[in-house]
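Turn this into a structure:
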Amino acid sequence: MKSQARITLILLMILLGAFMLTLSGCSFKRITKSKNIVYQKADKTSAEQQLNVFAPWKLTKPAAVLIFVHGGNWNSGKKSQYNIIGGHWAKKDVVTVIVDYPLSPAADFDAMAISVARSVKWVKENISQYGGNPDKIFLSGHSAGGHLAALVALDDQYFKNIGLENPLSGLILIDAAGLDMHGYLLEEKFEKGNTYLKTFSSDPKTWKEATPLYHLHPNMPPMLIYRGGKTYPSILKSNEKFIQALRAYAPETPYRIQKSKKHVPMITQFFNPWNARYGEILAFMREADNRRRMPEDKRDAALGK
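As a prediction, this is how the structure comes out:
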């Protein structure tokens, strides 16, 4: 009994310590939460899509904006699972938007990407009402959400088709899947009915269109890329191939491998408001914004080119 009591006491002390940490530092900051805002109305081809906005309570000037696209193998997941991350970012003075998008098999990758692009357009047109700066929009995603974020950020057709010039100041990928979807599907040779074929079709030409690797170009927004050292082999392989191709356009792109992290912990680490990734991403956002403000002829010099 004494041993059991000691274990119980230790657990209570751990819980108390965690509670006290939660009450410390930036956790006292008040934020606003605006949930289930419709950014895409339902029509004959797609269901209604919504987003959540998390914003600092008081701002002295318009804040940078982070849009987050959740993962889930393109067939699962929802924005509400990541509200805690939205709250953490808002307490760090970043207006944060967590979006839903249509899922497979009801939608294919193209419909998902169209919805993500529309969510960015909604942010561009409306985020000033929540204290956000429409000229400082960063797009981020984990896993399948990383694929969609990359595809929308790199293939400008998604913005052009909705009457918008690419408005992104930067792209942040967190253990993104599908960066070389074409190569992955060619290699795996899935049988008809597989979930990936429902999402990406059975046509290799379409797989190529769905692959961010094939949409790299000189005028891309700057990127910050994270990969788990113990992630899935397919994600490891596609990230490495993506980075190799990216070096021809943006050799300065930071590529950070977290050696001990598996795929899911790459995003759940953000449930901890003191995780070091927050500071790294904030620094990237400041640097990307400073670069954007430079005259075009001075940007290359700033990058050491």
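
Next, please give the residue ranges for the helices of the stretch 51-200 of the chain.
Ranges of helices in the stretch 51-200 of the chain, per DSSP state H, counting those that start in this stretch, are 83-90, 109-126, 144-154, 157-160, 181-188, 195-200.

quick one: contacts of the longest one?
By that I understand helix 109-126. With contacts defined as Cβ atoms under 8 Å, 6 or more residues apart in numbering, helix 109-126 is touched by 37, 39-40, 45-46, 49, 51, 65, 67, 69, 74, 97, 99, 101-104, 107, 132, 134, 137, 139, 147-149, 151-152, 155, 158-159, 161-162, 164, 167-168, 199-200, 210. For every residue, glycine as well, the C-beta is placed using N, CA and C.

mind checking how far it is from the chain centre?
13 Å (Cα atoms, centre = their mean, to the nearest Å).

Hey, what's the angle from that helix to helix 181-188? Just curious.
Taking axes from the mean of the first three to the mean of the last three Cα atoms, to 10 degrees, one finds helix 109-126 and helix 181-188 inclined to each other by 160 degrees.

how close does the closest residue to residue 285 other than its chain neighbours get to residue 229?
For residue 285, ignoring the flanking residues on the chain, the nearest one in space by Cβ to Cβ, 6 or more residues apart in numbering is residue 64 at 5.3 Å. The gap separating residue 64 from residue 229 is 29 Å, by Cβ to Cβ, to the nearest Å.

In strands only, show me the contacts of helix 109-126.
Counted as lying in strands by DSSP state E, out of the contacts of helix 109-126, are 37, 39-40, 49, 51, 65, 67, 69, 97, 99, 132, 134, 137, 139, 168.

Out of these, which comes closest to residue 266?
Residue 266 has its nearest neighbour among the ones in strands among the contacts of helix 109-126 in residue 69, at 14.3 Å by Cβ to Cβ.

List the residues that contact the closest one.
Contacts of residue 69 by Cβ under 8 Å, 6+ apart are 99, 101, 116, 139-142, 145-146, 148-149.

If we use 6 Å, what do you get?
99, 116, 141, 145, 148-149 (Cβ atoms under 6 Å, 6 or more residues apart in numbering).

ok, the closest residue to residue 178 other than its chain neighbours - how many residues close by?
Leaving aside its sequence neighbours, residue 178 sits nearest to residue 147 (Cβ to Cβ, 6+ apart; 3.4 Å). Burial measure for residue 147: 29 neighbouring residues, criterion other Cβ atoms under 10 Å.

Could you report the distance from residue 147 to residue 220?
If you go by Cβ to Cβ, the gap between residue 147 and residue 220 works out to 16 Å.

Next, count neighbours for residue 232.
Neighbourhood size, residue 232 [other Cβ under 10 Å]: 14.

can you check residue 107 too?
21.

What of residue 269?
For residue 269, using other Cβ under 10 Å, the count is 17.

Give the helix, strand or coil label for it.
helix (DSSP: H, G, I helix; E, B strand; the rest coil).

With distance to residue 260 and mean pLDDT added, can I get the helices of the stretch 51-200 of the chain in TSV?
Putting those into TSV (distance: least, Cβ to Cβ, whole Å; pLDDT from 0 to 100) gives the following:
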stretch	distance to residue 260	mean pLDDT
helix 83-90	20	98
helix 109-126	30	98
helix 144-154	20	98
helix 157-160	35	98
helix 181-188	25	98
helix 195-200	28	98
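
Give me whichever of these is most buried.
Burial of the helices of the stretch 51-200 of the chain is given as mean neighbour count (mean count of other Cβ atoms under 10 Å); helix 144-154 ranks first at a mean of 28.

Can you name every helix or strand that it contacts?
Under the contact definition 3 or more Cβ pairs under 6 Å, 6 or more residues apart in numbering; DSSP states H and E, helix 144-154 sits against strand 63-69, helix 109-126, strand 132-142, strand 168-174.

nearest to residue 87, of these?
Going by Cβ to Cβ, the one of the helices and strands packed on helix 144-154 nearest residue 87 is strand 63-69, 12.0 Å.

relative to strand 168-174, how tilted is the closest one?
The directions of strand 63-69 and strand 168-174 differ by 50 degrees, with the same axes, to 10 degrees as the criterion.

Check which strands are paired with strand 63-69 and give the direction for each one.
Paired neighbours of strand 63-69 in the sheet (DSSP bridges): strand 95-99 (parallel), strand 132-142 (parallel).
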